[in-house]
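J.: Show me the folded form of this:
(chains A, B, C and D)
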2 protein chains.
Amino acid sequence: MSSANDLREIALIEFSTTGYAGTSIHKIADAAGLSKSAVLYHFGSKEILLDAAIRPAIDELESILAELESTPFTTEFRGAFLDRFVDFLFVHRLEVNMFINQGPSLVDVPVIDRANDLVRRLATHVTSTMASVEEEMRFAIALGGAAYMLCAEHSLGLEAAPIGEAKTALITILTGLLAPIGVRQGD
Amino acid sequence: MSSANDLREIALIEFSTTGYAGTSIHKIADAAGLSKSAVLYHFGSKEILLDAAIRPAIDELESILAELESTPFTTEFRGAFLDRFVDFLFVHRLEVNMFINQGPSLVDVPVIDRANDLVRRLATHVTSTMASVEEEMRFAIALGGAAYMLCAEHSLGLEAAPIGEAKTALITILTGLLAPIGVRQGD
DNA sequence: ATAATATCTGACCGATCGGTCAGTATCTGT
DNA sequence: ACAGATACTGACCGATCGGTCAGATATTAT
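T.: Got it, this is the predicted structure:
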């Protein structure tokens, strides 16, 4: 139907798996059955296409973070937050994988910079004030690990699992991973 | 001193952070204060340079895996294995980050294929036979999360931590993450 | 029917890519 | 001193990159 939307999705898949620098406009055009010029007609440049591909996910992450920052981070709210965040991870796994792994090398792209800022803000709000080294490590492993797992499931053996089961499993795992955050170590 | 070794290390850093496709031979040569031709004199091609950069890590991973596969995976051995594996992750964080994140897009490079195989073998031996979805997810999060965290620590706030403290913290985290593997769920 | 607009193509541009090659220092063993 | 590696440079090659542009085709509005 919509060529522009097709291109957005194809570009997202290619950028996420092969990398932004490793994906040519020609390859995206081929996958969509169009010419390179058609891609540049819909999106004025490769960078604009990247922006269009991941902007919706960044926008949603920003709204999640806005709600997180405006709510006291009680234990019961942490559960609700994790529910919403895991949903976000499942829907936008490719986008998250993109700016997690390629964020450092794409700092000059505005939408990537926004994403990097959001991740930093997320880290400071999920970890406690004066977070210990282990707390920051737990956060990083949870985020980077989930992003990797959700995009590597095909190369491992877990593609056929029902989504609901995978979601509850991920919530369980992340809850356990982040549980020691905010409690004094040694308790 | 040794230009070849300098180039190996520089290439590893560049490939890991900017990506293999996103790193030109010229950039590596510049960082080493040499010409592009000098790089191609020491390493006949870009792919040979990539091979040289990560082969030592792959070799060590293979020996770790060989020991793992020749030893019954008892609870006490799991602890010793995690010790050794965390050491490996700290020393070869860049290489691990490379073939974890860029492995799927570099399948045609033999040394990367070897690495992908090793990861698969590692997964089947760390998770129990007939591993559940959650077990496989735990393994993937542990591996991908550790690889991400160890390379993202600069962009987060934990670069100044003493190495020993970080290592014991990572062992603690991974032990907790992988603990439910092999035990019947619901206990 | 026709004018306008949206969609798309192929030819082309300069820049950069990985890689080759001839030639030049530099160092080393005799 | 000199012959032979070793280390390196700059010029060059074809291919591919992102991007521009003129024009063809299809769609829509009047």
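J.: what helix or strand is the most centrally placed residue in chain A on?
T.: Closest to where the C-alpha atoms of chain A average out (Cα atoms, centre = their mean) is A:Val96, at 1.6 Å. Secondary structure assignment for A:Val96, by DSSP states H and E: helix A:93-101.
J.: again with A:Asp108
T.: Applying DSSP H and E, one finds A:Asp108 in no helix or strand.
J.: what about it, how many neighbours?
T.: Other residues near A:Asp108 come to 8 when the count uses other Cβ atoms under 10 Å in any protein chain shown. To be clear about C-beta, it is placed using only N, CA and C from the backbone, and glycine gets the same treatment.
J.: what's the neighbour count on A:Arg121?
T.: Around A:Arg121 there are 16 residues (other Cβ under 10 Å).
J.: Looking at the closest residue in space to the residue nearest to the centre of chain A that isn't next to it in sequence now. What's its pLDDT?
T.: Closest residue to A:Val96 apart from its sequence neighbours, by Cβ to Cβ, 6 or more residues apart in numbering or on different chains: A:Ala147 at 4.8 Å. As predicted, A:Ala147 sits at a pLDDT of 97.
J.: Any idea how far apart the tips of stretch A:88-106 sit?
T.: 22 Å (Cα to Cα, to the nearest Å).
J.: and if you look at stretch A:104-117?
T.: 11 Å.
J.: Quickly check: that stretch near chain B or not.
T.: Yes - against chain B, stretch A:104-117 shows contacts by Cβ under 8 Å from any Cβ of the partner chain at A:104-105, A:116.
J.: picking that back up, residues near the residue nearest to A:Val96, how many?
T.: 26.
J.: What about A:Val107, how many residues nearby?
T.: Count around A:Val107 with other Cβ under 10 Å applied: 11.
J.: hang on, isn't it packed against A:Asp113?
T.: Yes - counting by Cβ atoms under 8 Å, A:Val107 touches A:Asp113, with 6.0 Å between them.
J.: C-terminal to the longest helix along chain A, which secondary structure element comes first?
T.: Longest helix in chain A, counting residues (DSSP state H): helix A:46-69. For helix A:46-69, the following helix or strand on the C-terminal side (DSSP H and E) is helix A:75-91.
J.: For A:Tyr41, which residues are in contact?
T.: By Cβ atoms under 8 Å, 6 or more residues apart in numbering or on different chains, no residues touch A:Tyr41.
J.: What residues of the helix or strand harbouring it count as buried?
T.: Here A:Tyr41 sits within helix A:36-42, counting by DSSP H and E. Using 16 or more other Cβ atoms under 10 Å in any protein chain shown as the test for burial, helix A:36-42 gives A:38-39, A:42.
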